[in-house]
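> Just to be clear, the model below is a prediction. Sequence and coordinates:
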Amino acid sequence: MEKQYAVCCGIDVHKKLLVACLRTKETTTVRSYGTSTQDLLDLADWLTSNHCEAVAMESTASYWKPVYNILESHGLNPMVVNAQHMRNVPGKKTDVKDAERISDLLMHGLLKASFIPTKRQRELRELCTYRKSLIADLGAEKNRLQKMLEGGNIKLSGTISDINGMSGKALMDFVLTGEVFDEKAYDRLIKEKKISKRLKATKGDLIRDMHGCLTPLQVKMINILRTHIQELETHIQELTDDIDDQLNKEEKEPVN
């Protein structure tokens, strides 16, 4: 069978161990490495010094990612494969045999590389994924805050459209002082422009719904939740800015 590469390597990837089989037309050499950054750099140096043309590894969990990143940075043409047929190879399964089998299939061009986005695309995906998870966390914390207020019989969520908006924050600041929210307090907040005149609730509705009974523990929990919400909003905005910086002009146009 015709050989596609003069020198190639197959790697069996595990959480704490890599078994690499470097194959040439005449020889086969197997080495084991750890998975620390220094170990991966040593692996890359070994492959580079032997003029390795291509490297293949199975897509094992997420363990392949740091290996791929370092080999890619060294120009070693790494590929990730989902080689189902390797599971059908007869005989006892061992790390060495797996690495040898991967290198043999790679040398003869029998492996199909899985699609791996570019480094820039992978980093952008990580930013977007993390931002999405923080948005989910933010929504959960806002719901907890609303339930905490309801537990103290503060009915803000049914009175104003957004308890985390400017007016909602000002009203929560007030209620956490322990003062009674009456007409004088309402007029003062309106005069200081801390709450909007365009609230859907009337003055009477707002005074009634702001009359609750928060325990010291509830006050503490509300303050913690509000701090966490603010932190999440800050991090989400930072990630949004980072994502915007990563996008080029053509990619931004569909978004806008």
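Received it, and whenever you're ready, just let me know what you need.
> Can you give me the separation between Y5 and L22?
11 Å (Cβ to Cβ, to the nearest Å). Bear in mind the C-beta positions are built from the backbone N, C-alpha and C, glycine included.
> Same question for K155.
Taking Cβ to Cβ, one finds K155 at 70 Å from L22.
> These two - which one has more neighbours?
L22 (21 against 18; other Cβ atoms under 10 Å).
> Does that one belong to a helix, a strand or coil?
strand (DSSP: H, G, I helix; E, B strand; the rest coil).
> for it, what are its contacts?
V7, C8, C9, T28, T29, V30, R31, W46, L47, N50, C52, S103 (Cβ atoms under 8 Å, 6 or more residues apart in numbering).
> where does the longest helix seen in the chain sit relative to the chain's centre, distance-wise?
Secondary structure of the chain per DSSP state H: the longest helix is helix 119-151. How far helix 119-151 lies from its chain's middle: 10 Å, per Cα atoms, centre = their mean, to the nearest Å.
> got it, and stretch 192-212?
A distance of 39 Å separates the centroid of the chain from that of stretch 192-212, by Cα atoms, centre = their mean.
> re the thing from before, same list (the contacts of L22) but as JSON lines, adding distance to I70.
Output for the contacts of L22, formatted as JSON lines (distance: Cβ to Cβ, whole Å):
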{"residue": "V7", "distance to I70": "18"}
{"residue": "C8", "distance to I70": "17"}
{"residue": "C9", "distance to I70": "13"}
{"residue": "T28", "distance to I70": "23"}
{"residue": "T29", "distance to I70": "20"}
{"residue": "V30", "distance to I70": "20"}
{"residue": "R31", "distance to I70": "16"}
{"residue": "W46", "distance to I70": "12"}
{"residue": "L47", "distance to I70": "10"}
{"residue": "N50", "distance to I70": "16"}
{"residue": "C52", "distance to I70": "13"}
{"residue": "S103", "distance to I70": "19"}
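> can you redo these as TSV with pLDDT and neighbour count?
Formatted as TSV, the contacts of L22 follow (pLDDT from 0 to 100; neighbours: other Cβ atoms under 10 Å):
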residue	pLDDT	neighbour count
V7	96	17
C8	96	28
C9	96	29
T28	94	14
T29	96	13
V30	96	17
R31	96	15
W46	97	16
L47	97	24
N50	95	14
C52	96	24
S103	92	29
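> In helices only, show me those residues.
Counting by DSSP H, the contacts of L22 contribute W46, L47, S103 to helices.
> got the residues you listed as a markdown table, with distance to R188 columns?
Shown next, in a markdown table, are the ones in helices among the contacts of L22 (distance: Cβ to Cβ, whole Å):
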| residue | distance to R188 |
| --- | --- |
| W46 | 74 |
| L47 | 72 |
| S103 | 77 |
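> Would you check that T35 makes contact with I11?
No: if you go by Cβ atoms under 8 Å, T35 and I11 don't touch, sitting 11.0 Å apart.
> which neighbours do these two share?
The contact lists of T35 and I11 share L18, V67, where a contact means Cβ under 8 Å, 6+ apart.
> The two - which one has more neighbours?
I11 (28 against 16).
> what about that one, distance to N77?
Distance from I11 to N77, by Cβ to Cβ: 13 Å.
> Spell out which residues are contacts of both of those two.
By Cβ under 8 Å, 6+ apart, the residues touching both I11 and N77 are V55.
> Please enumerate the strands of the stretch 51-200 of the chain.
54-58, 78-81 (DSSP state E, counting those that start in this stretch).
> Quick one: closest of the ones you listed to K112.
strand 78-81 (6.6 Å; Cβ to Cβ).
> What are the buried residues along stretch 223-231?
Going by neighbour count (16 or more other Cβ atoms under 10 Å), the buried part of stretch 223-231 is L225, R226, I229.
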